[in-house]
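Peer 1: take this sequence and fold it.
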Amino acid sequence: MLNRYSIKDWLPITRKEIELRGWEEVDIIIISGDAYVDHPGFGQAVIGRVLEREGYKVAILPQPNWRDDLRDFKKLGKPRLFFGVSAGCMDSMVNHYTANKRLRSDDAYTPAGEAGFRPDYATVVYSQILKKLYPDVPVVLGGIEASLRRFTHYDYWSDSLKPTILAESNADLLVYGMGEKAIVEIASLLNKGFPVSKITNVPQTAFMRIDDGKLRDEGTYFLELASHEICLKDKIAYAKNFTIIEKESNQLTSAAIIQKVGEKIVVVNPPYLPMTETEIDASFDLPYTRLPHPKYDKRGAIPAYEMIRHSVNIHRGCFGGCAFCTISAHQGKFVSARSEASIMKEVKKITEMTDFKGYISDLGGPSANMYRMKGEDVKSCGTCTRVSCIFPDICRNLNTDHRPMTSLYRKIAAFPNVKKVFIGSGVRYDLFIGRSEKENNANGLNDYFRQLVTQHVSGRLKVAPEHTSDNVLKIMRKPSFQLFYDLKRRFDQINRESGLIQQIVPYFISAHPGSTLEDIAHLAVETKKLGYRLEQVQGFTPTPMTLATEIYYTGINPYTLKPVFVARSVKDRQDQNRFFFWYKTENTSWVREKLKQLKLKF
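Peer 2: Presented below is the predicted three-dimensional model:
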């Protein structure tokens, strides 16, 4: 496939490539902490291609050197309209550090996985540099780092509350969530000559202005949060802020939110409505090469790309509302699904890649089995304030029909040159396990699970019960662990009937808020009884704009204002982790002693 492309098929990343296109200047420069991969799974490529479709001359500046004389920030020249800035597909601090704040030795979004090609707090660093070099050029922030730091937020790595990222970065605008629609509107207004300071009404954007008191008199309905300064002094006020932000972020129609920061005020406009099928298809159907830029050919493979090069994203959004997850805060809880035609077009393109061996590595999304799911009565969704559509129980208005997915799986599996289709994304098994026979029949749940197990598992089905304690699972907004027993029983039964030898691999989180040492001890006992020596364990990492992070920082549940146990110290976190690996020689005697103290049999 690579041989079919010339260098002009990628967006330009050097001055020479700009000149090859016959351009004297570019309209927009997108700066990212990731290497440039021209693939719909990489934000800089999506935004660049969307703007290109609108007729703008777009260049990409990937992983610029911020340590030297800043020549990288100057080499493409000054854009006519604006700089777009993103830390990349991950928050730069999550990218750099482990849950125990140890510096990682690799970076999945850099050739050869090499670390050190982006700064800490990359969005702020890039923006501050641009504002010094080009003070008259608008800077627009985007990506998950900016998105989740749009209000006062707890920063785990500095163990402090930080103000909106707009205050620290000096940027002009911020686009939160999936930004295609907002960035096109911003570009259009700037292209028409609007000063960036006057761009205040674009949905899904945030901006700052001097708090002169006039904003509250403009007739627009605002929800006002406790100020940044109040939050610094009052954890309860900060916790209450979170409940407002989370609820408004997960409604079809929401209000603008404002928060005072010093002498200024940050204004966060409501989001756009979820993308229609036509709109999301248009984003995925752009002329991506699906390949890293050729400049990386000699530097080594990009691990994050290798994972998804032969995968297909079939929808956005997740209505699970897990307490530790940032997806709903960034993408929203409403699912935007692609059409079968768009998906099949991408499958065809994958099968034409020279390195394709017949295996689609994933056909999924934030949660693999939410394709086309939405409220039966959309009007009811418009007034709903639930953060999760499936916790504490499945909303009666939610369409959980799995038949469109089962049909799609079979069509792609039968596509020419496709040998096997795997489902690598996480599956929400509470959508099809524990349902009534009537629901099973109406929504094709049993048929879906059998199809999944017999045709789309590569020997190991990975699922995420996350914990075994019902008290912890309630905080996580996850179903009871008893549902996992039902899943495993059904899984084993289907394998026996089909003559297959496959495993379920459960994922768990260590040191999540609410989880005591006794809870983890019970988890170790229960999973040992099931025959597991756990491998997939993730230490809880507090990330901005999640319920679990607010509990970690404040020590209370923002919705009840009641205290919640939090394992904060290094020792407490390490002790919880040791229980997961009870079978390791260095942990055995310690675990036995703790179990004896807790009067638990192992």
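Peer 1: now stretch 21-36: buried residues?
Peer 2: Neighbour counts over stretch 21-36 (16 or more other Cβ atoms under 10 Å) mark V26, D27, I28, I29, I30, I31, S32, G33, D34, A35, Y36 as buried. For the C-beta atoms, the positions are set from N, CA and C on the backbone; glycine is no exception.
Peer 1: ok, so of these, who is nearest R489?
Peer 2: D34 (42.1 Å; Cβ to Cβ).
Peer 1: just checking, which of the buried residues of stretch 21-36 belong to strands?
Peer 2: Counting by DSSP state E, the buried residues of stretch 21-36 place I28, I29, I30, I31, S32 in strands.
Peer 1: dump those residues into CSV; add distance to Y221 and pLDDT as well.
Peer 2: Below are those laid out as CSV (distance: Cβ to Cβ, whole Å; pLDDT from 0 to 100):
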residue, distance to Y221, pLDDT
I28, 33, 98
I29, 36, 98
I30, 33, 98
I31, 35, 98
S32, 35, 98
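Peer 1: just the helices in the stretch 301-450 of the chain please.
Peer 2: Listed in chain order, the helices of the stretch 301-450 of the chain (DSSP state H, counting those that start in this stretch) span 303-308, 327-330, 340-351, 378-383, 403-413, 437-443, 445-455.
Peer 1: deepest in the core, which of these is it.
Peer 2: Comparing the helices of the stretch 301-450 of the chain by mean neighbour count (mean count of other Cβ atoms under 10 Å), helix 327-330 ranks first with a mean of 22.
Peer 1: give the other helices and strands that that one contacts.
Peer 2: Contacts defined by 3 or more Cβ pairs under 8 Å, 6 or more residues apart in numbering; DSSP states H and E place helix 327-330 against helix 143-147, helix 235-249.
Peer 1: check which helix or strand covers the closest residue to P303 other than its chain neighbours.
Peer 2: Distance criterion Cβ to Cβ, 6 or more residues apart in numbering; nearest residue to P303, sequence neighbours excluded, is A108 at 4.2 Å. Counting by DSSP states H and E, no helix or strand carries A108.
Peer 1: would you confirm that A108 contacts I308?
Peer 2: No: between A108 and I308 there is no contact under Cβ atoms under 8 Å: 10.7 Å.
Peer 1: just to revisit the earlier point, reformat the helices of the stretch 301-450 of the chain as CSV; add distance to Y288 and mean pLDDT.
Peer 2: CSV is the format used below for the helices of the stretch 301-450 of the chain (distance: least, Cβ to Cβ, whole Å; pLDDT from 0 to 100):
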stretch, distance to Y288, mean pLDDT
helix 303-308, 12, 97
helix 327-330, 21, 88
helix 340-351, 8, 98
helix 378-383, 31, 87
helix 403-413, 19, 98
helix 437-443, 34, 96
helix 445-455, 28, 98
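Peer 1: okay, those helices in CSV with distance to K357 next?
Peer 2: Shown next, in CSV, are the helices of the stretch 301-450 of the chain (distance: least, Cβ to Cβ, whole Å):
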stretch, distance to K357
helix 303-308, 13
helix 327-330, 30
helix 340-351, 10
helix 378-383, 42
helix 403-413, 15
helix 437-443, 34
helix 445-455, 18
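Peer 1: which strands and helices sit next to the lengthiest helix in the chain?
Peer 2: Among all segments of the chain classified by DSSP state H, the helix with the greatest residue count is helix 482-498. Using 3+ Cβ pairs under 8 Å, 6+ apart as the contact test, the elements touching helix 482-498 are helix 445-455, strand 460-466, strand 503-510.
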